[in-house]
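Chemist: this one's sequence-less:
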């Protein structure tokens, strides 16, 4: 008695080889991009603090100059009244 054998595989039970979505080179590239982004952020933060310091110094100097001009105007006014 011969039994008829079939090699039919139900696709529902078939195993699927899962591969990585990204290659390892992409992983390293993403890591390098992250490092570049962190470096750019650090550079921008340093520039912001530098410009902030410059602005504070500029404002301080302008206030001194305004104060000197005010004193000079008051002095001239007093001399003119005398």
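Modeler: Looks like it arrived, so ask away. Here the structure is a predicted model, which is why all the values come from computation and not from measurement.
Chemist: Do me a favour and average the pLDDT over the helix or strand hosting residue 38.
Modeler: Following DSSP states H and E, one finds residue 38 within helix 24-81. What helix 24-81 shows for mean pLDDT is 88.
Chemist: by contact count, what packs against it?
Modeler: Contacts defined by 3 or more Cβ pairs under 8 Å, 6 or more residues apart in numbering; DSSP states H and E place helix 24-81 against no helix or strand at all. Placement of C-beta: from N, CA and C, glycine included.
Chemist: and residue 38, what does it touch?
Modeler: Residue 38 makes no contacts at all, as judged by Cβ atoms under 8 Å, 6 or more residues apart in numbering.
Chemist: ok, it to residue 80 distance?
Modeler: Going from residue 38 to residue 80 by Cβ to Cβ, to the nearest Å gives 63 Å.
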